[in-house]
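Visitor: Next one to model:
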Amino acid sequence: MKAVILANGDFPKKQNLISEILCANFLIACDGAVKHLKKISKEPDIIIGDLDSISKSLKKKFSTKIIHIQEQETNDLTKAFFYCIQKGFKHIEIFGATGKREDHTLANIFLLYHYSKYAQVCIKSDFGTFEIHNTPCSIASFKGQQISIFCLDTTCKLTSQALKYPLKNLSLKNLSQGTLNEALEDNFKISSSKKTQIIVYKKS
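Guide: The predicted structure is shown next:
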């Protein structure tokens, strides 16, 4: 079973992404993100957050579906994620985690490191998908797909197969060093000098 979380960033416009939201087995809206669901005639199973961005009318309409969590040490996305974990979901897709505030976008992307301890998780937008992988790994792609790789462990050396610009025992000393690559086949492989985690961005 897969859960879908809708955060309060940019709502997707591509029909295939909207279809994923419509067909979700379980859908959580983060606080004010519920307003976007009216556009596609979809109701959430749960609304979760500190309720600082949801309108009074929507709060009233969905009063039986709201879980109010006041603590401010985690953002609403993290509150929603761990609600899914408590419900037993092991596959979670996140929409609306990018766009609008850039600081929120960056924080949400790098929260994947934390979330991956508990479930298979990714962030999807109109522009692409952020995934997190444990090395060594084989990653599904397609020929010509634009790929970027991020690794926070600068002591770890990465090696790639089937990327246009090969990584050859390379430490990514800065965040831009592994960006703007391209898949040469239907999958590519990343190995490393020691086990680590990488965030992979696959452009749509």
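Visitor: and the gap between Cys122 and Pro12?
Guide: 14 Å (C-beta to C-beta, to the nearest Å). (C-beta placed from N, C-alpha, C; glycine too.)
Visitor: higher neighbour count, these two?
Guide: A count of neighbours by other C-beta atoms under 10 Å puts Pro12 above the other of Cys122 and Pro12, at 22 against 18.
Visitor: you'd agree that one is up against Gly128?
Guide: No: judged on C-beta atoms under 8 Å, Pro12 makes no contact with Gly128 at a distance of 11.5 Å.
Visitor: Give me the contact list for the longest helix along the chain.
Guide: If you go by DSSP state H, the chain has its longest helix at helix 76-86. The set of residues external to helix 76-86 that reach it, using C-beta atoms under 8 Å, 6 or more residues apart in numbering, is 3, 5, 7-8, 26, 28, 30-31, 46, 48-50, 67, 69, 92, 94, 97, 108, 111, 114-115, 118-119, 121.
Visitor: Any figure for the gap between Ser141 and Lys203?
Guide: Using C-beta to C-beta, we find Ser141 at a distance of 10 Å from Lys203.
Visitor: overlap in contacts of those two?
Guide: Ile147.
Visitor: Settle it for me: which of these two has more neighbours?
Guide: Neighbours per residue, other C-beta under 10 Å: of Ser141 and Lys203, the larger number sits with Ser141, 20 against 14.
Visitor: OK, contacts around that one?
Guide: By C-beta under 8 Å, 6+ apart, the neighbours of Ser141 are Ile147, Ala183, Glu185, Asp186, Asn187, Phe188, Lys202.
Visitor: nearest residue to it other than its sequence neighbours?
Guide: Using C-beta to C-beta, 6 or more residues apart in numbering and skipping the chain neighbours, the partner closest in space to Ser141 is Ala183 (3.9 Å).
Visitor: May I have the beta-bridge partners of the one you found?
Guide: Beta-bridge partners recorded for Ala183 (DSSP bridges): Leu163.
Visitor: With only the CA atoms kept, save the helix or strand of the chain with the lowest mean pLDDT in CSV.
Guide: Within the chain, no helix or strand scores below helix 56-61, which has a mean of 91 by mean pLDDT, DSSP states H and E. Taking C-alpha atoms only, helix 56-61 is exported to CSV below (Å, rounded to 0.1, in the frame of the first residue of the first chain):
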residue,chain,number,x,y,z
LYS,A,56,-11.7,28.7,8.5
SER,A,57,-14.2,27.4,6.0
LEU,A,58,-12.0,24.3,5.1
LYS,A,59,-11.3,23.7,8.8
LYS,A,60,-15.1,23.6,9.4
LYS,A,61,-15.8,21.4,6.3
